[in-house]
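Asks: Sequence first, then the predicted structure:
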Protein chains: 2
Amino acid sequence: MSFTIAEYKARIQKTKERMAAEGIEILLITDPANMNYLSGYDGWSFYVHQMLVVIIDEEQPLWIGRGQDANGAKVTTWIYHENIIPYPDDYVQSDTKHPMDFVADILKQIGQEKRTIGVEMENYYFTAKCYEQLKKGLPNATFKDATLLVNWVRIIKTDSEIEYMKRAAKIVEKAMKIGIESIDAGVRECDVAASIFHAQITGTEEFGGDYPAIVPLLPSGEKTSTPHLTWTDERYKPGDTVILELAGCYRRYHSPLARTVNIGKPHEKMKTLSDVVVEGLNACLDAIKPGITAEKIEEVWRKTIEKSGIVKESRLGYSMGLNYPPDWGEHTASIRKGDQTILEPNMTFHLIPGIWLDDYGFEASESFRVTETGCETFASIPRELYIKESILAK
Amino acid sequence: MSFTIAEYKARIQKTKERMAAEGIEILLITDPANMNYLSGYDGWSFYVHQMLVVIIDEEQPLWIGRGQDANGAKVTTWIYHENIIPYPDDYVQSDTKHPMDFVADILKQIGQEKRTIGVEMENYYFTAKCYEQLKKGLPNATFKDATLLVNWVRIIKTDSEIEYMKRAAKIVEKAMKIGIESIDAGVRECDVAASIFHAQITGTEEFGGDYPAIVPLLPSGEKTSTPHLTWTDERYKPGDTVILELAGCYRRYHSPLARTVNIGKPHEKMKTLSDVVVEGLNACLDAIKPGITAEKIEEVWRKTIEKSGIVKESRLGYSMGLNYPPDWGEHTASIRKGDQTILEPNMTFHLIPGIWLDDYGFEASESFRVTETGCETFASIPRELYIKESILAK
């Protein structure tokens, strides 16, 4: 397990306090990051239904999942084996049986069918069908939306979690450097992606890497007008701009980072854009300290770059740390107008002021933790537009 | 784009025929594989809400997604730019606005709010909250469950799709060989995973690899009692068994494959288990031909291995091809008791008779397509327990 049992129990305790405050007696946790956070459970089994059941007046949670994954729960969690409850395989991707029917039956068997049940309504792993089947199976229960209840517990990290994110940062530094080094005119995009993946997973000599929740995002050329394209097997051309957004991951904890490379001399407008973004990013990092609100950071950004005429319409950053695909963000605080989350020490964010215009774009980002007096970035590599003076590009 | 516009249009046509048969006038497609299948859309943007809207009496679908991804839709799809509708960024992971409110507004604006709307109730990317918000925003619409409607169109592949899966198989053969070669006592699990990732993404000299929808699954030692563990940074020990389940991926099309390696001489019980599984797998491959039902294949397996006393409780395989994380399976036909899907040429399955016992397990699998007269596997590497005669293991 990644943490002491005492740390897991403290997390359960905090979760129960929030449950009590919301009037929730049973919490059905389907977010794999929340399952991992409370129990240690780790495995690529979230493509079938599984959950952790926290009952407010029971010491231990229940793990409910697919039969073949029950041994995985025994290996990776601190939960008593008798609390690990497998469902038969004919519930898997069936058009006649649904795993939530099984969950409803279990809750009935243990006399919990009339309670107030919290469900993560807005989570990839709690489908519309899940909710319909649960309501059908538990007609006497009261359901409450408990989206992000555990995520908000996760927002302040312990020192052990910060240590994992620092290790993830060592990995992302290495992967980013390899990515930047390997980009050149004539090189295939997929070969750059492969080198980055290798660095992400092999990690360092001291510790290995885990799979990041998002694959390397590597738009190039005109495709830098949009952030979420991956790669092709085309070769880079002289003059191409390449955005790299990627994370290091250690035991499911992330440190994301974005940088931009230009193959050969960049256009004037790209130089201007990169200067503006880096200036805004630096101003934000200078301003961040405990007590500031998330929206205030966005205001610092906006006022710093105002004179350039460039406007960023999308959010500037978000809380992140522990996660599983498809996202490393925690979906709690966002650095944007209207978000009044007050920053506290050991909150961790990805600050990513990417700008995507009609036919080009630029990203430079930092992941940071809030310290007692300011903030510190996890990774440390220069914030600038990287210019690749390749022979082909000259 | 990966296919001709004619191929995309033929897929839309088949989808509309199924919609008509089900009485569905508007289909909201949130499954990223279905979105890709019908429009070509490709990007790691599925962590926010997005969809393709197929209207039965409109030629072109609509793409609705996050503002910053709209350029991605313009780059990767065949849809007219005016049909690409971005929503503002303050809908993203917000506790006051939901992207489905925006979708409901669009449908009202174009006069579609009273129609029968199909939604993919059982899909990772259609949360319980999505459904609640849509019902609230479109009180005069009638909703129907359209889970798997497009997936069932996808089940028979065109020759171009088969060609992509063959390329994926070339990649998986390479990645599997590298994985098997690199496993040895004293080697870190993460370093094996890194080599596999590198091979998966770099692909071959002729074509590069795309990211598989599932990362390499690499349980070792006692962890082979369960299939979905990934890797750690521990070193393999003499005597360890390691299961490798991984896919090659080309333009989102997969060819999964599983093999098992033993470091040093395997225990007698492992040899027995591997012989049984390979015999059963071979018997199934011999039996598969057009006209056979999915459940009949399971029966062949069961009868072949009956004498061994080994019983497989989980399904034996599933239809697969195009997909995105978290699963490469199509969630349509499963090779198991009760599934009466009749096999037809160019259906493609992953046949994976893995056996996970209390403290050890074995997997050997094949991906295959149904041919006019039988079946052919995509990859071609020996079906056996691989024995690693390392110096350390002796």
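Replies: Looks like it came in fine. Residues are numbered from 1 along each chain as shown, chains lettered A, B, ... in the order given.
Asks: Name the spans of chain A whose pLDDT lies under the cut-off.
Replies: Filtered on pLDDT under 70, chain A yields the residue ranges A:390-394.
Asks: Do I have it right that residue A:186 meets residue A:263?
Replies: No - here residue A:186 does not reach residue A:263: they are 9.5 Å apart, not a contact under CB atoms under 8 Å. Just so you know, the C-beta spots here come from the backbone N, C-alpha and C atoms, and that holds for glycine as well.
Asks: Those two: who's more crowded?
Replies: residue A:263 (26 against 13; other CB atoms under 10 Å in any protein chain shown).
Asks: Phi first, then psi, for the more buried one.
Replies: As for residue A:263, its main-chain torsions (degrees, to the nearest 10) stand at phi -90, psi 100.
Asks: any idea how far it is from chain B?
Replies: 18 Å (CB to the nearest CB, to the nearest Å).
Asks: Quick check: beta-bridge partners of that residue?
Replies: residue A:388 (DSSP bridges).
Asks: contacting residues around it?
Replies: By CB atoms under 8 Å, 6 or more residues apart in numbering or on different chains, the residues touching residue A:263 are A:183-185, A:236-242, A:388, A:390, A:393.
Asks: what about burial for these, which qualify?
Replies: A:183, A:184, A:185, A:236, A:238, A:240, A:241, A:242, A:388, A:390, A:393 (16 or more other CB atoms under 10 Å in any protein chain shown).
Asks: Could you measure from the residue minimising distance to the centre of chain A over to residue A:298?
Replies: What sits nearest the mean C-alpha location of chain A, by CA atoms, centre = their mean, is residue A:328, with 1.2 Å. With distances taken as CB to CB, to the nearest Å, residue A:328 is found 20 Å from residue A:298.
Asks: one step back: I'd guessed the residue nearest to the centre of chain A sits against residue A:246; true?
Replies: No - using CB under 8 Å as the test, residue A:328 is too far from residue A:246 to be in contact (10.3 Å).
Asks: shared neighbours of these two, anything?
Replies: Between them, residue A:328 and residue A:246 share the contacting residues A:212, A:214, A:256, judged by CB under 8 Å, 6+ apart.
Asks: Give me the buried subset of the residues you listed.
Replies: A:212, A:214, A:256.
Asks: what would the buried ones among the contacts of residue A:263 look like in JSON lines with distance to residue A:319?
Replies: Converted to JSON lines, these look like this (distance: CB to CB, whole Å):
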{"residue": "A:183", "distance to residue A:319": "30"}
{"residue": "A:184", "distance to residue A:319": "36"}
{"residue": "A:185", "distance to residue A:319": "38"}
{"residue": "A:236", "distance to residue A:319": "34"}
{"residue": "A:238", "distance to residue A:319": "39"}
{"residue": "A:240", "distance to residue A:319": "33"}
{"residue": "A:241", "distance to residue A:319": "29"}
{"residue": "A:242", "distance to residue A:319": "28"}
{"residue": "A:388", "distance to residue A:319": "33"}
{"residue": "A:390", "distance to residue A:319": "38"}
{"residue": "A:393", "distance to residue A:319": "39"}
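Asks: In strands, which of the contacts of residue A:263 appear?
Replies: A:241, A:242, A:388 (DSSP state E).
Asks: quick one: which of the residues you listed is nearest to chain B?
Replies: residue A:241 (14.1 Å; CB to the nearest CB).
Asks: Name the SS class of residue A:305, please.
Replies: helix (DSSP: H, G, I helix; E, B strand; the rest coil).
Asks: how many neighbours does residue A:325 have?
Replies: 25.
Asks: wait, I meant residue A:380
Replies: Should you count by other CB under 10 Å, residue A:380 turns out to have 11 residues around it.
Asks: Which secondary structure element is home to residue A:167?
Replies: Using DSSP states H and E, residue A:167 sits within helix A:159-182.
Asks: Please save the CA atoms from that helix in CSV.
Replies: Only the C-alpha atoms of helix A:159-182 are listed here, as CSV (Å, rounded to 0.1, in the frame of the first residue of the first chain):
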residue,chain,number,x,y,z
ASP,A,159,3.2,15.5,3.3
SER,A,160,3.4,11.9,2.0
GLU,A,161,1.2,12.8,-0.9
ILE,A,162,3.4,15.9,-1.6
GLU,A,163,6.4,13.6,-1.6
TYR,A,164,4.7,11.4,-4.3
MET,A,165,4.0,14.5,-6.4
LYS,A,166,7.6,15.6,-6.1
ARG,A,167,8.7,12.2,-7.4
ALA,A,168,6.2,12.6,-10.2
ALA,A,169,7.8,15.9,-11.0
LYS,A,170,11.3,14.3,-11.3
ILE,A,171,9.7,12.0,-13.8
VAL,A,172,8.0,14.7,-15.8
GLU,A,173,11.2,16.8,-15.9
LYS,A,174,13.0,13.8,-17.5
ALA,A,175,10.1,13.0,-19.9
MET,A,176,9.8,16.7,-20.9
LYS,A,177,13.5,17.0,-21.6
ILE,A,178,13.5,13.9,-23.7
GLY,A,179,10.5,15.1,-25.6
ILE,A,180,12.1,18.5,-26.3
GLU,A,181,15.4,16.9,-27.3
SER,A,182,13.8,14.4,-29.6
